[in-house]
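S.K.: Provide a 3D model corresponding to the input given below.
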Amino acid sequence: MTLLEVRNEILGIDTEIIKLIKKRLECADKVAAAKREEGGSAVDPIQREKVLKRSYDMAKVAGIDPEMTREIFEILIRMNEKRQAELETR
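M.R.: From the prediction side, this is the model:
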């Protein structure tokens, strides 16, 4: 496989990652609606820790750096919390 072919493969993977992030944010919209009905707030420290632990454990099993994976999920969670907070103010 040539360098260009590998880079094109990475481009395809990056495209899928962006689509999955968008899909995750769309779930945040649904979470925000459910929280409105149930009286929850955008930030849920218990759920946040569950997601971070789950991502850490899954990364270990997959053989990738669990600390860096946790950092990625911290960013994803912040994106979701921001989106939910924006929806709360509408």
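S.K.: alpha carbons only for contacts and neighbour counts from here, please
M.R.: Fine.
S.K.: quick one: the helices in this structure?
M.R.: In the chain, helices defined by DSSP state H lie at 3-38, 45-62, 66-88, listed in chain order.
S.K.: Adding mean neighbour count and mean pLDDT, write those out as JSON lines.
M.R.: Formatted as JSON lines, those follow (neighbours: other Cα atoms under 10 Å; pLDDT from 0 to 100):
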{"stretch": "helix 3-38", "mean neighbour count": "13", "mean pLDDT": "95"}
{"stretch": "helix 45-62", "mean neighbour count": "14", "mean pLDDT": "98"}
{"stretch": "helix 66-88", "mean neighbour count": "17", "mean pLDDT": "94"}
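S.K.: how about the nearest residue to the residue nearest in space to the middle of the chain, chain neighbours excluded?
M.R.: The centre of the chain sits closest to residue 76, judged by Cα atoms, centre = their mean, with a distance of 3.5 Å. Counting by Cα to Cα, 6 or more residues apart in numbering, the nearest residue to residue 76 once its immediate chain neighbours are dropped is residue 21, at 7.7 Å.
S.K.: so how far is residue 60 from the one you found?
M.R.: 21 Å (Cα to Cα, to the nearest Å).
S.K.: Any chance you could give me stretch 59-76 in CSV, C-alpha atoms only?
M.R.: Provided in CSV are the C-alpha atoms of stretch 59-76 (Å, rounded to 0.1, in the frame of the first residue of the first chain):
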residue,chain,number,x,y,z
ALA,A,59,-9.8,1.3,25.2
LYS,A,60,-7.8,-1.1,27.4
VAL,A,61,-9.6,-4.1,26.0
ALA,A,62,-9.0,-2.7,22.4
GLY,A,63,-5.3,-2.3,23.1
ILE,A,64,-5.3,1.5,22.7
ASP,A,65,-4.1,4.2,25.1
PRO,A,66,-6.9,4.5,27.8
GLU,A,67,-5.8,7.9,29.1
MET,A,68,-5.9,9.5,25.7
THR,A,69,-9.2,7.8,24.9
ARG,A,70,-10.5,9.2,28.2
GLU,A,71,-9.4,12.7,27.0
ILE,A,72,-11.2,12.3,23.7
PHE,A,73,-14.4,11.3,25.6
GLU,A,74,-14.0,14.2,27.9
ILE,A,75,-14.1,16.5,24.9
LEU,A,76,-17.1,14.6,23.4
